[in-house]
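Engineer: Next comes the sequence, and after it the predicted model I'd like to discuss.
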Amino acid sequence: MMKSMTKKQKELLLRIIAAAVLMAVLAILPLKKYPLLRFALFLIPYFTVGHDILRKALKGIRNKQVFDENFLMAAATVGAMALGEYTEGVAVMLFYQIGELFQSYAVGKSRKNISELMDIRPDYANLETEDGVEEADPDDVEIGSIILIKPGERVPIDGVIVEGTSSLDTAALTGESLPRDVAAGQEILSGSINLSGLLRVQTTKEFEESTASRILDLVENAGTRKARSEQFISKFARWYTPAVCYSALALAILGPLVNMLIFRVPGNRALWSDWIYRALTFLVISCPCAIVVSIPLTFFGGIGGAGSKGILIKGSNFMETLANVRTVVFDKTGTLTKGNFVVTRICPAMYGGVAAETLYTSRENTGNKEAAAAESGKASEAGDRLLEYAALAERYSSHPISRSLKEAWQKSLEKRGQGIADDQSSDLSAARVGDTEEISGKGLITEVDGLRIGVGNLQLMRDLGVTITEENDHSDVEIGTIVHVCAGSEYLGHIVIADEIKPNAAEAISDLRKTGVTRTVMLTGDAEAIASRVAQKLGLDEYHAGLLPADKVTRLEQLLDEMGGGSSREVVNDGSIDGNGSNADSGKDNTGSSAKNGNKGKKGTLAFVGDGINDAPVLSRADIGIAMGALGSDAAIEAADVVLMDDDPMKISRAIRLARKCIRIVNENIWFAIGVKLACLLLGALGIANMWLAIFADVGVMVLCVLNAIRALV
Amino acid sequence: MKKTYKIDVDCANCANKMEEATKKTPGVKDAVVNFMALKMKVEFEEGADVDSVMQKVIENCKIVEDDCQIFL
């Protein structure tokens, strides 16, 4: 323990030990007969342990800053000494200093813990120069420089890999423990650790603008946006200390006077010293340290702990809002779904439970060399054929749908070990595709292997006179875009292309419910049918489909109104710079913070979760904006209040839980400290509490609160 | 204009007092002291002379809390 102490702390510890030993010795020595000597001797430990407090108290008085804890302690102990309670006088000072030491140790320790948790600041970069490789300060590396990252080293600056393959440990950034494989051409972010291979990287950002620096900056500045409870405490401390001092004075003077005048108690020295003693215990109890230090400590720990799990919370105020979330609004693409369009289902047409055969017979007629393989007639083979026809037909189209079809076909070829080199396969397939006619909004018609193939939507099938029997009509169960394929007038089947739902999205939603979220809403620009199925599959309460980006803001405002606090935006900023104190001075900060502090009249708050692409206005309009998968996206990091470093939707409920825990600890500390203090003040005024209880009420409560606060850092 | 300074102060309440004192200094529009990160963020009035304002801020902070430091 000694090792991790600062010089100041060690000095204080020595003073405490010396004074404690001296005091114990003096308490045992039979000095009762020599009152003056006893007094003089007790002054030694008293000054040893408390000289700095006395000096500060005097300075405070000189600077007209009377009411602080130094004054409280000085007055209480000087008073106790004057009353002849030497042991107690020294003990109060002693315990007060123990408390101070503990507090400063605990604070220093959590500062260190958090900087260790967030230890992503690189010390150097291996800069490639004309004279070889040299270790440079990351700050001095210019954009476009080539740096080398050896295995085991931290990526110092964001960049693009020029040469080499490796796997990266991104745990410090995302909390994700699985290493990520990277190769030349890929972008890598500072803060991650290179695990296996040597990488040559061309930097794309300056050190200051790199991910690691930005994250650290964000976490360190989080404390400058103070939570309501923090503001409450500093206001509380401002009137509390003077109030207690005046009450103590009143107690010392009015107590005896009332007794003398009303109860006709004889006004002797004992009466006065009894009431002065009570007043002194008052002073000791009243010290506001416990709450004043434990609240920011809790937030600091909470924000630091969350940061190490890949959840960046931009301020203590957002911690409060997040803990209160009752409605969560999601953007669909990139948040609940992966945002990539892929073939999710291939569904060959069935005729009486048997996959369409026509395809293969016609292929045999054309004498295709692959025809032999089709003889088995299995559904999976039929599926491959279906995909092949669709992909070939879409060969010359650049529509996103045709791209997904071609990708899927390429993949299935590779799977079957027929992954032919790209140019070769395109030569081969080019020969098989004839004239193509694209019909806008419907699909296209082309010739493949001499067959007239139609690929498109239902309308196209109708136009071509193709009937889809009930057996083959799955339009009401499929999620996504359905692409129908026909040959001549025969229906071959359909392929579903959809934005994949994230594997744990449904679990994330149900987990949110468990944390007490009562309403989950999805906003999307997609069509009604797709939205409704995604919402159903995920168990969402509501969805709103077909929204343009601007509509999303309007819809969100409606939701805010429904929560009964729609006007919260207009709450006046109380003059602090809570909201716009960060380096990220986006316009949102200036307009957003006031509202975020003004959710008092509402039942819970509303969170919007988006991926930061196109939804910055919505992110800032919500009570709390959560951007996910925002690693490296500057716009999202700036617009959001909470940044999830990867795109795992489970992190939303985890963030809410962390915030809840943090706020719970804060409330526990506030009520516990104020409760114990008020109780002790009452007991002290009644003359039941002695100085020792008062010391507990001060130092004991503070230690307990600090220990409780440290729990937030997990 | 905003600037961030490193500070050194021992107790949380002292940090609050520094914040108050800084806010009251002429030329300072707003100030936030972050005790846990030991940082102070000062927003200056338009056209204020940062150096002289900060000297005044240090003086004012020393009055409320003798044992504090601001690293300019």
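Structural biologist: Now that the structure is in, tell me what you want to look at.
Engineer: what does chain B put close to chain A?
Structural biologist: Residues of chain B found near chain A (C-beta under 8 Å from any C-beta of the partner chain) are B:2, B:10-13, B:16-17, B:19-20, B:30-32, B:34-39, B:41, B:43, B:63-64, B:66-67. Placement of C-beta: from N, CA and C, glycine included.
Engineer: phi, psi of the most centrally placed residue in chain B?
Structural biologist: The C-alpha lying nearest the average C-alpha coordinate of chain B belongs to B:Thr22 (C-alpha atoms, centre = their mean; 4.5 Å). Dihedral pair for B:Thr22: phi -70, psi -40, per degrees, to the nearest 10.
Engineer: Of the residues of chain B next to chain A, which belong to strands?
Structural biologist: Within these, residues falling in strands by DSSP state E are B:2, B:30-32, B:34, B:39, B:41, B:43.
Engineer: On the pLDDT front, check the residue of the stretch 101-250 of chain A found nearest chain B for me.
Structural biologist: Going by C-beta to the nearest C-beta, chain B is nearest to A:Gly223 of the stretch 101-250 of chain A, at 3.9 Å. You'll see A:Gly223 listed with a pLDDT of 70.
Engineer: Relative to A:Leu658, how far out is it?
Structural biologist: 16 Å (C-beta to C-beta, to the nearest Å).
Engineer: mind giving me the domain split of chain A?
Structural biologist: If you go by automatic domain parsing, the domain ranges for chain A are A:125-216, A:339-501.
Engineer: Next, the contact list for A:Ala252, please.
Structural biologist: Residues near A:Ala252 by C-beta atoms under 8 Å, 6 or more residues apart in numbering or on different chains: A:275-276, A:278-279.
Engineer: show me where the stretch 101-250 of chain A has strands.
Structural biologist: Ranges of strands within the stretch 101-250 of chain A are A:125-129, A:132-136, A:146-149, A:159-163, A:166-169, A:180-182, A:187-188, A:193-194, A:199-203, based on DSSP state E, counting those that start in this stretch.
Engineer: List the beta-bridge partners for the residue positioned nearest the centre of chain A.
Structural biologist: Compute the mean C-alpha point of chain A, and by C-alpha atoms, centre = their mean the closest residue is A:Ile311, 2.8 Å away. Per DSSP bridges, the residues bridged to A:Ile311 are A:Leu644.
Engineer: Give the closest residue to the closest residue to chain B within the stretch 51-200 of chain A in space, chain neighbours not counted.
Structural biologist: Going by C-beta to the nearest C-beta, chain B is nearest to A:Asn63 of the stretch 51-200 of chain A, at 4.6 Å. Leaving aside its sequence neighbours, A:Asn63 sits nearest to B:Ile63 (C-beta to C-beta, 6 or more residues apart in numbering or on different chains; 4.6 Å).
Engineer: I'd say the one you found and A:Gln65 touch.
Structural biologist: Yes - in this structure, B:Ile63 is within contact of A:Gln65 by C-beta atoms under 8 Å, at 6.5 Å.
Engineer: so who does the residue of chain B most remote from its centre touch?
Structural biologist: Most distant from the centre of chain B: B:Gly47, at 18.1 Å, with distances by C-alpha atoms, centre = their mean. With contact set as C-beta under 8 Å, 6+ apart, B:Gly47 has no partners.
Engineer: That one and A:Ala636, how far apart?
Structural biologist: The value you get for B:Gly47 to A:Ala636, if C-beta to C-beta is used, is 35 Å.
Engineer: Need the distance between the two termini of stretch A:265-273.
Structural biologist: Distance between the two ends of stretch A:265-273: 14 Å, counting by C-alpha to C-alpha, to the nearest Å.
Engineer: Mind listing residues that contact it?
Structural biologist: For stretch A:265-273, using C-beta under 8 Å, 6+ apart, the contacting residues are A:83, A:256, A:259-260.
Engineer: Narrow those to just the buried residues.
Structural biologist: A:83, A:256, A:259 (16 or more other C-beta atoms under 10 Å in any protein chain shown).
Engineer: Turn those residues into JSON lines, columns for pLDDT, secondary structure and distance to A:Tyr396.
Structural biologist: Putting those into JSON lines (pLDDT from 0 to 100; DSSP: H, G, I helix; E, B strand; the rest coil; distance: C-beta to C-beta, whole Å) gives the following:
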{"residue": "A:Leu83", "pLDDT": "84", "secondary structure": "coil", "distance to A:Tyr396": "100"}
{"residue": "A:Pro256", "pLDDT": "86", "secondary structure": "helix", "distance to A:Tyr396": "103"}
{"residue": "A:Asn259", "pLDDT": "83", "secondary structure": "helix", "distance to A:Tyr396": "104"}
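Engineer: Take those and write them to JSON lines, including distance to chain B.
Structural biologist: Formatted as JSON lines, the buried ones among the contacts of stretch A:265-273 follow (distance: C-beta to the nearest C-beta, whole Å):
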{"residue": "A:Leu83", "distance to chain B": "28"}
{"residue": "A:Pro256", "distance to chain B": "32"}
{"residue": "A:Asn259", "distance to chain B": "35"}
